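*Asks:* coordinates only, sequence not included:
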């Protein structure tokens, strides 16, 4: 049982790290020396220069979804530790699982909106590609859903 709990905690912390990295790092779109993320556009020619991102409503909704995913995941981890010590024997971690599933759905919504609308912000070209932070956001989605489902299925034992 201890190894199962340790594995679940490691999975949850991994998802949380993926949420943080994908939200913070400036690598959602890459075009040669130009990178863009949710917060700023950077050019790394002879001088590294960053400008704040656009104030489009869709970009603000992506920012909100990514921040909500972090909040829900942190809250889920906190609730897991609280329920670990207060839940009766045989009880399930429903609340923890629901918040982790909500975190996964938020990151999926944010990444999906960015996928559909990023051409409104930066014109598509042959050299433009998705960066690693964008891929990490999509990778965090199934991991968060899996950990949320595991929390819902998991029963507390003595």
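*Replies:* Structure's in. What do you need? A quick note: this is a predicted structure, and the numbers were derived from the prediction, not measured. Numbering: from 1, shown residues only.

*Asks:* look at residue 1 and report its pLDDT.
*Replies:* Looking at residue 1, its pLDDT reads 69.

*Asks:* cool, and residue 36?
*Replies:* If you check residue 36, the pLDDT there is 78.

*Asks:* from residue 19, how far off is the closest residue to residue 5 other than its chain neighbours?
*Replies:* The spatially closest residue to residue 5, leaving aside those adjacent along the chain, is residue 84, at 7.6 Å (C-beta to C-beta, 6 or more residues apart in numbering). All C-beta atoms are positioned from the backbone trio N, CA, C, and that covers glycine. Going from residue 84 to residue 19 by C-beta to C-beta, to the nearest Å gives 22 Å.

*Asks:* in terms of neighbours, single out the busier of the two.
*Replies:* More crowded of residue 84 and residue 19, by other C-beta atoms under 10 Å: residue 19, with 28 against 13.

*Asks:* pretty sure the more buried one is touching residue 104, no?
*Replies:* No. If you go by C-beta atoms under 8 Å, residue 19 and residue 104 don't touch, sitting 9.6 Å apart.

*Asks:* list residues touching both of the two?
*Replies:* Common contacts of residue 19 and residue 104 (C-beta atoms under 8 Å, 6 or more residues apart in numbering): 69, 140, 144.

*Asks:* how far away is the first one from residue 2?
*Replies:* Same thing as residue 69. Counting by C-beta to C-beta, the gap from residue 69 to residue 2 is 29 Å.
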